[in-house]
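>>> Fold the stuff below for me.
(2 chains)
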Amino acid sequence: MVRNYFRISIFKADSDFKTGEIVKKKMEGIARLYPEHGRPGRDSILLHPSRRRWIRINASAREILEEFWKSRSFHQTAMAISRRHALDLSEAARHVRTTVSKLKDDGFLRDPRSRSCRTDLNLRSLYLQITARCNLSCAHCCYSCSPASNGQLARQKIVELIDESTELGATSITLSGGEPLLHPDLRDIIRHAASRMDIQLTTNGMLIDDEWAAFLADLPVRIQISLDSSQKAVHERIRGRGTFNKTMAAVDRLQKAGCDKKLILALTMMSSNLARLDDMIVFAEQLGIPRLRFLPLRQEGNAGRNWAALGAKAWIRKYERFYDRARRPARETAVGIDVSCGLSGFVPHPPDIAQADDIWCPIGTYVVVAADGEAYSCPLLMTGEFALGSVYRRSLGVILSSKKWQGICRTLSIRKNEILRCSRCLWNNLCQGGCMGLALGQKGNIWDTDVFCDYRQKAYRQAFQDILEHPRPPRPHEPN
Amino acid sequence: MAVKPRDAGSSAQEKPEKKTNYIPPQIITYSQDEVIEIIGPALACSPVDCGVGP
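Got it, this is the predicted structure:
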């Protein structure tokens, strides 16, 4: 077990302080500190015991916490601080009281056993693989889509899914494939969805002509275009001859039609493009693309079959070198676009943007429907074990209230404590066990971390070291 | 490494430090923008969007 916990038992009222009597476990906090060993005059990060929260504390605040950790009472703690720093007892007591009060206000003094759990129906998004057919046959496709693939969702079923999901609270939809532009009713589907939800279209762009560009420009559609390299030769080695110019022509058409703010480029990282990932950031910036996504290669479908050829050898270290560069501070990189580097579980955001249930993974907030109608909780969990039933036989409402759905949501909530390695990790409330979809693909088991666990721990340490080395002065409402 | 609590009886032997060295306790919270400013924007995942899924 992680042993750098502290535990605080707080007096119920001032009268208790006067008698020195502890009202045990009326309020209790167990939290963890980084760095594990405090240094005189240096700040520390205090990590919340169960939630994705942390705060920065100075050496004096840490000292007070460590006094509590020794099972000292409020009074004993104040005495120790007073004696050690030659303070008046009343002043030391005030410092102890304000520290505890701030911890309480920040939610660090609650029942440490309470755990956030995503169980309530909280549907926000629908992800539809509207067709399995694709105009390309990429060796790295995790769904093994090709021109020969069969299966597409019927227009009427898609309309029903849109209507039902919006009734259940969904406000956005992703239309994916295969290549979604091969669906004969795509325009009707987009028109129907556009009046109800934000739309994201994931496409290789090769079928986008002027007419499509004009159509998409008028509607609330974000267009994610797959581009695996800024270099034609590399992209075409991955996706086939003639693909680069067609995709780039689509980008140009969409920009000229007025879609420039709605474009996203997505690159899947593999051996043939790993060496020049940084170029892609510059390329996207020069093109005026507002958002760039680097997606990890998944060891499934065609990619699983072609794993050796796609560069599985040393891929983890190569990814990590890229992540090292991608995580450089904004002040050093001056990257002017939104870049997502695909390192799951690296979410060192502060408390103010946390979701109500504090879980970063979107599982439970969206439902995925494959081209054959089978529903899943995540595009990375599309295996028989995680199938939730066909939308041709069960309504979304029934699927989302099923025990299987709830079980997956519960799994999401408890993985960080149930995976032995995670339960011992200082960062488990931030990382939350990493991506369970990646863990399934990489290790065949969601009750394990993904292969970037060691790297994430290093990344968190570096991130918090950076934060500690760049102090922010207290705001007016943060006096001692 | 784990941090072991100091001996509960050690406080009696602690030497008082100079008062000028003592800084009152401070607890600081950060906003998202402040964290991004320090550690960079290239975060993999966000609470509203999956950084891994297609």
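
>>> In the helix or strand bottoming out on mean pLDDT in chain B, which residues are buried?
Across the helices and strands of chain B, mean confidence by mean pLDDT, DSSP states H and E is lowest for helix B:32-39: a mean of 75. Using 16 or more other Cβ atoms under 10 Å in any protein chain shown as the test for burial, helix B:32-39 gives B:Gln32, B:Glu34, B:Val35, B:Ile36, B:Glu37, B:Ile38, B:Ile39. Yep, even glycine has a C-beta here, placed from its N, CA and C like the rest.

>>> just stretch A:442-462 next, same as before
Applying a neighbour-count criterion of 16+ other Cβ under 10 Å, the buried positions in stretch A:442-462 are A:442, A:446-453, A:455-457, A:459-460.

>>> tell me how far the ends of that stretch are from each other?
End-to-end span of stretch A:442-462 (Cα to Cα, to the nearest Å): 26 Å.

>>> So what touches it?
A:34, A:299, A:316, A:319-320, A:323, A:327, A:343-346, A:348, A:381, A:411, A:415, A:418-419, A:421-422, A:425-427, A:430-431, A:433-440, B:39 (Cβ atoms under 8 Å, 6 or more residues apart in numbering or on different chains).

>>> how about the CA coordinates for the least confident helix or strand of chain B, as CSV?
Extracted C-alpha coordinates of helix B:32-39, given in CSV (Å, rounded to 0.1, in the frame of the first residue of the first chain):
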residue,chain,number,x,y,z
GLN,B,32,-7.1,24.9,-15.8
ASP,B,33,-5.5,27.8,-17.8
GLU,B,34,-2.8,28.2,-15.2
VAL,B,35,-1.9,24.5,-15.3
ILE,B,36,-1.8,24.5,-19.1
GLU,B,37,0.4,27.5,-19.0
ILE,B,38,2.9,25.6,-16.8
ILE,B,39,2.8,22.1,-18.1
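
>>> That one vs chain A: in contact?
Yes: using Cβ under 8 Å from any Cβ of the partner chain, helix B:32-39 reaches chain A at B:Gln32, B:Glu34, B:Val35, B:Ile36, B:Glu37, B:Ile38, B:Ile39.

>>> Which single one of the residues you listed is nearest to A:Val367?
Nearest to A:Val367 among the residues of helix B:32-39 next to chain A, counting by Cβ to Cβ, is B:Gln32 at 27.7 Å.

>>> Look up how far A:Val347 lies from the closest one.
Applying Cβ to Cβ, to the nearest Å, the value for B:Gln32 to A:Val347 is 11 Å.

>>> what do you get for A:Ala371?
31 Å.

>>> A:Lys416 now?
For A:Lys416, the distance to A:Val347 equals 12 Å [Cβ to Cβ].

>>> any residues in contact with both of these two?
Counting by Cβ under 8 Å, 6+ apart, the residues touching both A:Lys416 and A:Val347 are A:Cys431.

>>> Could you pull up phi and psi at the residue nearest to A:Arg56 when sequence neighbours are not counted?
Nearest-residue entry for A:Arg56: B:Ile28, 4.3 Å, with adjacent residues in sequence omitted and distances by Cβ to Cβ, 6 or more residues apart in numbering or on different chains. Backbone geometry at B:Ile28, expressed as degrees, to the nearest 10, gives phi -120, psi 130.

>>> just A:Arg56 next, same as before
phi -100, psi 130.

>>> Pull up the per-residue confidence for it.
The score at A:Arg56 is 93. That number is its pLDDT.

>>> do you know how far whatever residue of the stretch 101-250 of chain A ends up closest to chain B is from B:Ile28?
Chain B sits closest to A:Lys102 of the stretch 101-250 of chain A, with a gap of 4.6 Å, by Cβ to the nearest Cβ. Separation of A:Lys102 from B:Ile28 (Cβ to Cβ): 10 Å.
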